[in-house]
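**Q** sequence below, structure please.
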Amino acid sequence: MSRWKAASIHLSISVFVGLLVLALLFLVWYPQPYFNAAGGQALIIFLLGVDIVLGPLLTLVLFKSGKKTSHSICA
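**A** Predicted coordinates:
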């Protein structure tokens, strides 16, 4: 798998999770008057900046195609 494919998979999963959290924020936890009163815009900007932008970008930079992975932390 190439680093671009891994980053695009990460991006698509991040967008899905971001939309799910956004739907929960708008529809369940903080309906419309409460969302603005609680400062929901800052939370959404933080979510988009970290989860949707930085996550796939780090995957793009750090992903190595032929790297062997270790499934146990303690060897």
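**Q** going forward, measure contacts and count neighbours with C-alpha atoms only.
**A** Noted.
**Q** helices of the protein, start to end?
**A** Applying DSSP state H to the chain gives helices spanning 3-24, 32-37, 40-47, 55-62.
**Q** contacts for the second one, please.
**A** The set of residues that contact helix 32-37 without belonging to it, under Cα atoms under 8 Å, 6 or more residues apart in numbering, is 25-26.
**Q** just the CA trace of that helix, in PDB.
**A** Extracted as PDB, the C-alpha positions of helix 32-37 are listed here (Å, rounded to 0.1, in the frame of the first residue of the first chain):
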ATOM      1  CA  GLN A  32     -29.300  24.900  18.300                       C
ATOM      2  CA  PRO A  33     -29.500  27.500  21.000                       C
ATOM      3  CA  TYR A  34     -27.200  25.600  23.300                       C
ATOM      4  CA  PHE A  35     -24.600  24.900  20.600                       C
ATOM      5  CA  ASN A  36     -23.800  28.600  20.100                       C
ATOM      6  CA  ALA A  37     -24.000  29.300  23.900                       C
END
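**Q** what mean pLDDT does that helix get?
**A** When pLDDT is averaged over helix 32-37, the result is 81.
**Q** same question, the last one
**A** With pLDDT averaged residue by residue, helix 55-62 scores 91.
**Q** check which helices and strands it sits against.
**A** Counting contacts by 3 or more Cα pairs under 8 Å, 6 or more residues apart in numbering; DSSP states H and E, helix 55-62 packs against helix 3-24.
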